[in-house]
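[1] One predicted model, sequence on top.
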Amino acid sequence: MRIDATTAPFATNPHSLRVSCDRAGCGVQNPGYWGIAVPRLSVSFKLALYVRPVGAGARLPKLIARLVEGQTVVAIGAIAPAPAQPTNAQLVDGWEEHRAILVPVGTSAGAALTITLAD
């Protein structure tokens, strides 16, 4: 995993995070500044991100987004391609918008966002 200054989804933000994963469960985690609060089960979270598989004929594997506190999952959602949007026309170099709705299965005062390859 490394910051890549050679490709990004938008010309206005010249950096991206390059992640190499070869097995289910590997991915990235962002703890947020003080963690991400999941105060009640009735609140879902919308996630949008931009992805680009690398390599000729490469396809994006299935990705899962989770909010976790330690080893406990407190919200989960499958990441899928987003519907076409006018802003997507500004994307460059094979980048695509993907989204997820993370549905709580528990509560937390300080969860971290994880994005991993699906099992």
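    Received the coordinates, thanks.
[2] Which parts of this structure are strands?
    Remark: strands assigned in the chain by DSSP state E are 2-4, 16-18, 27-30, 36-38, 45-51, 63-69, 72-81, 96-104, 108-117.
[3] nearest residue to R18 other than its sequence neighbours?
    Once flanking residues are discounted, R18 sits nearest to D4: 4.3 Å by CB to CB, 6 or more residues apart in numbering. C-betas here are computed from N, CA, C, even on glycine.
[4] Of all the strands of the chain, which one is nearest F10?
    Closest to F10 of those is strand 45-51 (CB to CB; 8.0 Å).
[5] quick one, that closest one and strand 72-81 angle?
    50 degrees (axes from the mean of the first three to the mean of the last three CA atoms, to 10 degrees).
[6] wait, V28 sits on V19?
    Yes. The pair V28 and V19 qualifies as a contact (CB atoms under 8 Å) at a distance of 5.7 Å.
[7] Please say which of those two ends up with more neighbours.
    A direct count of neighbours by other CB atoms under 10 Å for V28 and V19 places V19 higher, at 16 against 12.
[8] so who does P39 touch?
    T107 (CB atoms under 8 Å, 6 or more residues apart in numbering).
[9] The residue lying closest to V103 once chain neighbours are set aside: what's it in contact with?
    Once flanking residues are discounted, V103 sits nearest to S44: 5.3 Å by CB to CB, 6+ apart. Taking CB under 8 Å, 6+ apart as the criterion, S44 is in contact with 75, 101-104.
[10] buried sites along stretch 15-32?
    Of all the residues in stretch 15-32, those buried under the rule 16 or more other CB atoms under 10 Å are 16, 19, 27.
[11] can you list residues touching both of V28 and V19?
    Common neighbours of V28 and V19 (criterion: CB under 8 Å, 6+ apart): M1.
[12] can you list the weak-confidence ranges in this structure?
    Per-residue confidence for the chain (pLDDT under 70) gives these ranges: 56-57, 85-90.
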